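1. Predicted model follows, preceded by the sequence.
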Amino acid sequence: MTDLLVVPIVLPALAAAALLMLRRAPIAVARAAILAVTAALAVAAFTILAHVQPGSPLVYALGNWPPPFGIVLVADQFSAFMLCVTALLAFGVALYAVQGWDARGRFFHPFFLFLLMGVDGAFLTGDLFNLFVFFEILLIASYCLALQGLGQDQLRATLHYAAVNIAASSLFLVAVSLLYGVTGTLNMAHLAERVAQVRAEDVALVRAAGLLLLGVFAVKAALFPVYFWLPGAYANAPGPVAALFSIMTKVGIYAIIRLTTLIYRADAGSAMELTAPWFLPAALITLAVATVGALGAERLAVLTAYLTIASAGTILTAVAIGGGAALSAALYYLAHSTFVIALLFLVTDLLGRSRGGLQDLLHPGPLPRNAGALSLAFLVAAATVVGVPPFSGFLGKLMVLQSAKDAVALGAVWAVVLVTSVLTLISCSRAGTILLWNVTDPLQTGPEHPPRAGEWAALAALAGCSLLLVILAGPITRYTDETAAQLISPAAYIEAVLGAPGHDLIRPYPGGVR
Amino acid sequence: MEVMLAAGLGVITACAVYLLLRGRTFPMVFGLSLLSTAANVFIVSMGRIRPGAPPLVIGQATEYVDPLPQALVLTAIVIGFGMTGFIMALAARLRHQTGSDHVDAVEAAPDPATQDAS
């Protein structure tokens, strides 16, 4: 059963390598391949989800090297949940991309699959250095995807994006090796034990490593003050690619949650509490600044990019509040925002294609073709992202607000989340009004690439995921509650990886730590 | 030995940060390359610095260094090399397509003060 854990990594890797070799084959082969692989990934992800019991994560030791010496893949409920979100998103985006958009970029299909390999690997790995490797895999794939089409703005934005992330990767290496130098292990479960036991004179070093890691993950998650790379990179990337990127900030958030709940637990001695004074303010400022950015956006894609940052801010606010209810709310909101941001990016792509030369600029222009259907799609996406009642954004924000009711900063959290919701509503209505109501004559020339039935189906699939989050809110919140409880008390995770407590591990260094 | 290594790493990192903050792509790429070099040397140093000691336990040898960081640094070097190559190609392409090697691909307007002086 645990062998299944390699599928989300190996399957896209093999398929991508095969597609690189088959690049002279008709594009239909590549299209069929990414649809089949993403569908298979969804099956694998939900099978893993069904087999992970609360308190008993699945562990797969690669090459059968016993932990903590070898690399392990671990799927607890949190990882399984993230795998499912990734797979559903990937299938929706693949369905949209294969309708004709993908013929314009080179090597779109292999890079799409390599990105999925990196994301799934980052969610599954139980080894800190291996996490670095999977981060690099997903980053190099994302640079190549962001460059699809080779526009001048894309080149500039990708250069900034790549420079920021390469610098962050160097810091990641420094932090990982510092942690290894002090504790002598890279296995995350083993680190969780060792970090609690470091000698007093090493506490400062371990904290420094932890804060460096937190900084690196904050860059990926687009936390204030290190989010500046995101609006350019996402707004200039092609629509389907930007939609797929909505999972990438979530990888950073996943890593932050793992770091703060597993390795640097608050109960690991208060000296190991990394985030206390500044994390919640940073998350709230992220939310506020991103909302202001959305209000000032001149293009719909830029607006959506800022909403991506705002969703990261909301999730990190819940993470910073801490506790079971808040983590559960964070997970629910994470799934919601992944689907809705992707939906919004795809609607942006369709709208941009239907307005002639104006594309997605927020200037009054001709009435787009298919204005009725496009209006409906934009309305659903915008209402979901703002948090209007029947949609999943409402439940997500409600859960975040409720989870803050015992927090010290209750007033600040409620004020920022509610005011930013109103401001998001204003920015979305402004965009919708300009694009769809404040119009001159209908567009005379037909759009270059009219929307196809498959593209509408992809939008419907992503909107359907968001609707399912509402219809199945009961089972899903039960699942996220269980997951949050497991995250808060990771003893079961550590035991599943390392064996029963009191085990005698051979230490990599003679004479113990150091 | 430790002081020399630490000071050297500090100087390399300082140079890398300075270069990273420049406005042209070439110094920036060079800065990234220096930064990853500094990180790589740092990784090796985390296996403890013992000159002349092998990264292996031979018989009853008591003097050896941890081999794992040396394995890690190989991975890090390969990844860093690939990333540097990629961003170099990206920078060259940007220069080719826009005619500017500024990181924002726009030349700053000439400073009126220096124009007056010349």
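-> On my side now, so go ahead.
2. from here on, contacts and neighbour counts on C-alpha atoms
-> OK.
3. where does A:L358 land on pLDDT?
-> Per-residue pLDDT puts A:L358 at 76.
4. What separation do you get for it and chain B?
-> 22 Å (Cα to the nearest Cα, to the nearest Å).
5. Could you list the contact residues of chain A toward chain B?
-> In this structure, chain A approaches chain B at residues A:129, A:136, A:140, A:152, A:155-156, A:159-160, A:162-163, A:166-167, A:170-171, A:173-174, A:177-178, A:180-181, A:509, judged by Cα under 8 Å from any Cα of the partner chain.
6. Need the buried ones from those selected in PyMOL.
-> Per 16 or more other Cα atoms under 10 Å in any protein chain shown, the buried members of these correspond to this PyMOL selection:
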select buried, chain A and resi 129+136+140+152+155+156+159+160+162+163+166+167+170+171+173+174+177+178+180+181
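7. just checking, which of the residues of chain A next to chain B belong to helices?
-> The helices, defined by DSSP state H, take in A:129, A:136, A:140, A:152, A:155-156, A:159-160, A:162-163, A:166-167, A:170-171, A:173-174, A:177-178, A:180-181 from the residues of chain A next to chain B.
8. Could you export stretch A:245-260 as PDB, CA atoms only?
-> C-alpha atoms of stretch A:245-260 as PDB (Å, rounded to 0.1, in the frame of the first residue of the first chain):
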ATOM      1  CA  PHE A 245       0.700  28.800 -10.200                       C
ATOM      2  CA  SER A 246      -2.200  29.300  -7.700                       C
ATOM      3  CA  ILE A 247      -0.900  26.100  -6.100                       C
ATOM      4  CA  MET A 248       2.700  27.400  -5.800                       C
ATOM      5  CA  THR A 249       2.100  30.000  -3.100                       C
ATOM      6  CA  LYS A 250       0.400  27.100  -1.300                       C
ATOM      7  CA  VAL A 251       3.600  25.100  -1.300                       C
ATOM      8  CA  GLY A 252       5.200  27.900   0.700                       C
ATOM      9  CA  ILE A 253       2.300  27.900   3.100                       C
ATOM     10  CA  TYR A 254       2.500  24.100   3.400                       C
ATOM     11  CA  ALA A 255       6.200  24.400   4.300                       C
ATOM     12  CA  ILE A 256       5.500  27.100   6.900                       C
ATOM     13  CA  ILE A 257       2.800  25.000   8.500                       C
ATOM     14  CA  ARG A 258       5.100  21.900   8.600                       C
ATOM     15  CA  LEU A 259       8.000  23.900  10.000                       C
ATOM     16  CA  THR A 260       6.000  25.600  12.700                       C
END
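9. I'd like the distance between the residue of the stretch 151-300 of chain A found nearest chain B and A:Y161.
-> Using Cα to the nearest Cα, the single residue of the stretch 151-300 of chain A nearest to chain B is A:G181, 4.8 Å away. Distance, A:G181 to A:Y161, by Cα to Cα, to the nearest Å: 30 Å.
10. what about the nearest residue to A:W229 once chain neighbours are set aside, neighbour count?
-> Spatial nearest neighbour of A:W229, chain neighbours left out: A:Y161 (5.4 Å); criterion: Cα to Cα, 6 or more residues apart in numbering or on different chains. A:Y161 sits with 22 neighbouring residues when counted by other Cα atoms under 10 Å in any protein chain shown.
11. my guess is A:Y161 meets A:A233, correct?
-> Yes - contact criterion Cα atoms under 8 Å: A:Y161 and A:A233 qualify, at 6.2 Å.
12. Run through the bridge partners of A:R299.
-> A:L361 (DSSP bridges).
13. can you pull the contacts of it?
-> A:360-362 (Cα atoms under 8 Å, 6 or more residues apart in numbering or on different chains).
14. hang on, A:V74 in a strand?
-> Yes - the assignment for A:V74 (DSSP: H, G, I helix; E, B strand; the rest coil) places it in a strand.
15. Distance-wise, check it relative to chain B.
-> From A:V74 to chain B the distance is 21 Å (Cα to the nearest Cα).
16. May I have the residues that are in contact with the spatially closest residue to that residue that is not a sequence neighbour?
-> Spatial nearest neighbour of A:V74, chain neighbours left out: A:V59 (4.6 Å); criterion: Cα to Cα, 6+ apart. Residues near A:V59 by Cα under 8 Å, 6+ apart: A:2, A:72-75, A:496-497.
17. same deal with A:Q486?
-> A:54-55, A:77, A:492.
18. just the helices in chain B please.
-> Going by DSSP H, chain B shows helices at B:2-20, B:25-45, B:68-98, B:112-117.
19. contacting residues around the second one?
-> Read that as helix B:25-45. A:163, A:166-167, A:170-171, A:173-174, A:177-178, B:9, B:12-13, B:15-22, B:69-70, B:72-73, B:76-77, B:80, B:84, B:87-88, B:91, B:101-103.
20. Please pick the buried ones from those.
-> Applying 16+ other Cα under 10 Å to the contacts of helix B:25-45 flags A:163, A:166-167, A:170-171, A:173-174, A:177-178, B:9, B:12-13, B:16-17, B:19-20, B:69-70, B:72-73, B:76-77, B:80, B:84, B:87-88, B:91, B:101-103 as buried.
21. just to revisit the earlier point, where helices are concerned, which of the contacts of A:Q486 count?
-> Using DSSP H, these in helices are A:77, A:492.
22. Of all the contacts of A:Q486, the one with the weakest confidence?
-> Ranking the contacts of A:Q486 by pLDDT, A:G55 lands last with 81.
23. what's the closest residue to chain A within chain B in contact with, if anything?
-> Distance from chain A to each residue of chain B (Cα to the nearest Cα) is smallest for B:M46, at 4.8 Å. B:M46 makes contact with A:177-178, A:180-181, B:69 under the criterion Cα under 8 Å, 6+ apart.
24. can you tell me which two in these are farthest apart?
-> Greatest spatial distance in the contacts of B:M46: A:L178 and B:P69, 10.5 Å, computed using Cα to Cα.
25. and residue 19, what does it touch?
-> You didn't pick a chain, so chain A it is. A:L19 neighbours (Cα under 8 Å, 6+ apart): A:30, A:109-110.
26. let's do chain B instead
-> B:27-28, B:30-31.
27. What number of residues are in the vicinity of A:G92?
-> The number of residues near A:G92, taken as other Cα under 10 Å, comes to 28.
28. same check, this time on A:A39
-> 18.
29. swap in the one 4 residues further on?
-> Neighbouring residues of A:V43 were enumerated by other Cα under 10 Å; the total is 16.
30. What strand or helix carries it?
-> In the assignment (DSSP states H and E), A:V43 maps to helix A:27-51.
31. before we move on, the earlier item: now the residue of chain B closest to chain A. Its backbone dihedrals?
-> B:M46 adopts backbone torsions of phi -70, psi -10, taken as degrees, to the nearest 10.
32. quick one: it from A:I285, how far?
-> From B:M46 to A:I285 the distance is 37 Å (Cα to Cα).
33. A:A209 too?
-> Distance from A:A209 to A:I285, by Cα to Cα: 25 Å.
34. okay, these two: which has more neighbours?
-> More neighbours surround A:A209 than the other of A:A209 and A:I285, with 23 against 19 (other Cα under 10 Å).
35. did I read that right, the more buried one in a strand?
-> No - counting by three-state DSSP, A:A209 is located in no strand; its state is helix.
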